[in-house]
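Asker: model this:
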Amino acid sequence: LYIYDVATSKKKLITHSARVQSPVWAPDGSAIYLIQLNKGTQNIVRLDLTSLEFTKLTDFSHGETIFTPSLDATKTKLLFAFADKVQRGIYELDLASNSMNPILTNENADFRDPFASPDGKYIYFAADLDGIFNIYRASTSNYDNIEKVTGVLGGAFMPFVDQQDNLLYSEYVASGYKIRKASI
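Answerer: All right, here's what the predicted structure looks like:
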C-alpha cells in the first residue's frame, strides 16, 4: 500500500507484502480500513497509520471473500459485499463493536458495490434481481424497500452518489465499460 501526496507528487510505501487492497480512510485520518488476503480467505483489517500495525476486524477462515468496502453516511460502519459460497450479499460492520450484520441478501440474486448516499437515506448497490445487473437503492430505514434506479441491458455497477444527487456508475455496453451519469 502506498500513500500518494497530490500536492508534492510523492508516494510513500506504507506496507510491504501485506496482501491488502481496497483502502478506505478512517474519518479522522488516523487509520485505513483494508481487505487483506491470507491463505485463500479475505478479512477486513484496520491499519493504524502511526504504529503501522494491523488489527483484524473480521475473523474468516474458510475461503470467504470481501468486495468493495465503503463507509456509511454516519462514518460508523463499513458497508461491503461478502460471499461465503456463491452469491454476494451486502453486509455492514459496526466499527465500534466489530459486529457484522447482513443487510441485503438473497440466495437467488447477487448484491454488490454498496455505496451510502451522502444524506444517509439510501444505500445504492448493483444487483441482478431480474437477471441483468442494474443499480438499485434501499432505504436505510427499511432495507426491504428496494427501488430499481437504472434499466440498462448490459449491466450497471459501482454506483457513486455526489452531493448534488447525481448518480455515477459503470455501465457495460458492447464496446466495453463506460462511465454514466444520471440525476436521481
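
Asker: Restricting to C-alpha, output stretch 171-184 in CSV.
Answerer: Backbone C-alpha positions of stretch 171-184 (Å, rounded to 0.1, in the frame of the first residue of the first chain) are rendered in CSV as follows:
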residue,chain,number,x,y,z
GLU,A,171,-22.3,0.5,-17.5
TYR,A,172,-21.2,-2.4,-19.6
VAL,A,173,-22.0,-2.0,-23.3
ALA,A,174,-20.9,-3.8,-26.5
SER,A,175,-17.7,-1.7,-26.7
GLY,A,176,-16.8,-2.2,-23.0
TYR,A,177,-17.4,-0.3,-19.8
LYS,A,178,-18.5,3.3,-19.9
ILE,A,179,-19.0,5.8,-17.0
ARG,A,180,-22.5,7.1,-16.9
LYS,A,181,-24.2,10.0,-15.0
ALA,A,182,-27.9,10.3,-14.1
SER,A,183,-29.9,12.6,-11.9
ILE,A,184,-31.8,10.9,-9.1
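
Asker: If we go by neighbour counts, what in it is buried?
Answerer: Under the neighbour-count criterion of 16 or more other Cβ atoms under 10 Å, stretch 171-184 has 171, 172, 184 buried. All C-beta atoms are positioned from the backbone trio N, CA, C, and that covers glycine.

Asker: Name the next helix or strand downstream of whatever helix or strand the second one lives in, please.
Answerer: Under the criterion DSSP states H and E, the helix or strand holding residue 172 is strand 166-173. If you walk from strand 166-173 toward the C-terminus, the next helix or strand you reach (DSSP H and E) is strand 176-183.

Asker: on contacts alone, who are the packing partners of that next one?
Answerer: For strand 176-183, the packing partners by 3 or more Cβ pairs under 8 Å, 6 or more residues apart in numbering; DSSP states H and E come out as strand 166-173.

Asker: May I have the strands that pair with the strand it packs on, each with its orientation?
Answerer: strand 156-161 (antiparallel), strand 176-183 (antiparallel) (DSSP bridges).

Asker: Need those strands in a markdown table (columns: mean pLDDT and distance to residue 5).
Answerer: Output for the strands paired with strand 166-173, formatted as a markdown table (pLDDT from 0 to 100; distance: least, Cβ to Cβ, whole Å):
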| stretch | mean pLDDT | distance to residue 5 |
| --- | --- | --- |
| strand 156-161 | 98 | 24 |
| strand 176-183 | 96 | 26 |
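
Asker: want to throw the ones you listed into CSV with distance to residue 70?
Answerer: Conversion of the strands paired with strand 166-173 to CSV gives the following (distance: least, Cβ to Cβ, whole Å):
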stretch, distance to residue 70
strand 156-161, 9
strand 176-183, 18
